[in-house]
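Student: Sequence and predicted structure, then a few things I'm wondering about:
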Amino acid sequence: MSHRNDQTRVSLEKPVISRRQLLTASAIGLTSSFLWVACVRQADSFSCDLTPEQTEGPFYPADRQLDEDSDLTVVSGKLGRPKGQIIYLRGRVLDGHCRPIQGTQVEIWQASAEGRYNHPRESRNPISLDPNFQSWGRAITDHEGNYLFKTVIPGQYPAGRGWIRPSHIHMRVVGPTHRELTTQMYFAGDRYLDGDFVLQDVPREERHRLIVERQDPGSEFEPATGLYQFDLTVRPT
């Protein structure tokens, strides 16, 4: 009986901690706390420049689209491929602290490779619609804020006397955690960039955020295509 009581007494007794051990443990705990706070503050100190806003333009789809996906090169019920250079457009949606935004909607709409929108206001355009081009698409960002579209390089087209719009893609980002962003993306090297009134309305020091360079698609994407990276930074609500 006494042996059992001794075992019980030993198991219930608290270990003896010296004052030196206590001070050391406290110091380690405080250091860890300071490091954690410093990391959080450092992460919050990063800032991403907001993507410049631009006009929506007159050609946002007027009717509900039959295909509501991110591949504009395949139209339901059609077997053909659209005209023009097929490209992949990818990027991330970020907040002002460069943190990815998950589950937000990215929309794009654009002219076909020959410069024609699928819109009632284009009814007098002598260029025919491309029946194999979707013209509008939608994607939802993943947990890292990524989106991806497959489309074609849009054609340039006249927008007024002496004014040719460069190739561009309209974009809209809509979600509950940030303000809606509408902007346009342009292609580096386009000869009509400098004369485009819409782009020139953006402050000179911000225009580079709307112009993208072609990248090699590598083995990740379809051969003989192009890859363009366009990150979008939005303002919180």
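Tutor: Done, it's in. Model, not experiment: these values are computed from the prediction.
Student: where along the chain do the strands fall?
Tutor: Under the criterion DSSP state E, the chain contains strands at 86-94, 105-109, 136-140, 146-152, 157-160, 163-165, 168-174, 181-187, 211-212, 214-215, 226-229, 232-233.
Student: Throw those into a markdown table and include mean neighbour count, distance to residue 73 and mean pLDDT, thanks.
Tutor: Every C-beta, even on glycine, is put in place using the N, C-alpha and C of the backbone. Putting the strands of the chain into a markdown table (neighbours: other CB atoms under 10 Å; distance: least, CB to CB, whole Å; pLDDT from 0 to 100) gives the following:
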| stretch | mean neighbour count | distance to residue 73 | mean pLDDT |
| --- | --- | --- | --- |
| strand 86-94 | 21 | 6 | 98 |
| strand 105-109 | 22 | 13 | 98 |
| strand 136-140 | 19 | 10 | 98 |
| strand 146-152 | 22 | 5 | 98 |
| strand 157-160 | 13 | 20 | 94 |
| strand 163-165 | 17 | 22 | 97 |
| strand 168-174 | 22 | 14 | 98 |
| strand 181-187 | 21 | 17 | 98 |
| strand 211-212 | 18 | 19 | 98 |
| strand 214-215 | 14 | 17 | 96 |
| strand 226-229 | 17 | 13 | 98 |
| strand 232-233 | 24 | 22 | 98 |
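Student: List the residue ranges of this protein that fall below the pLDDT cut-off.
Tutor: Along the chain, the parts satisfying pLDDT under 70 run over 1-46.
Student: which residues in the protein form helices?
Tutor: Under the criterion DSSP state H, the chain contains helices at 2-12, 19-45, 197-200.
Student: what comes up buried for stretch 204-221?
Tutor: 209-212, 214, 217, 221 (16 or more other CB atoms under 10 Å).
Student: tell me the two of those residues that are most distant?
Tutor: 209 and 221 (23.8 Å; CB to CB).
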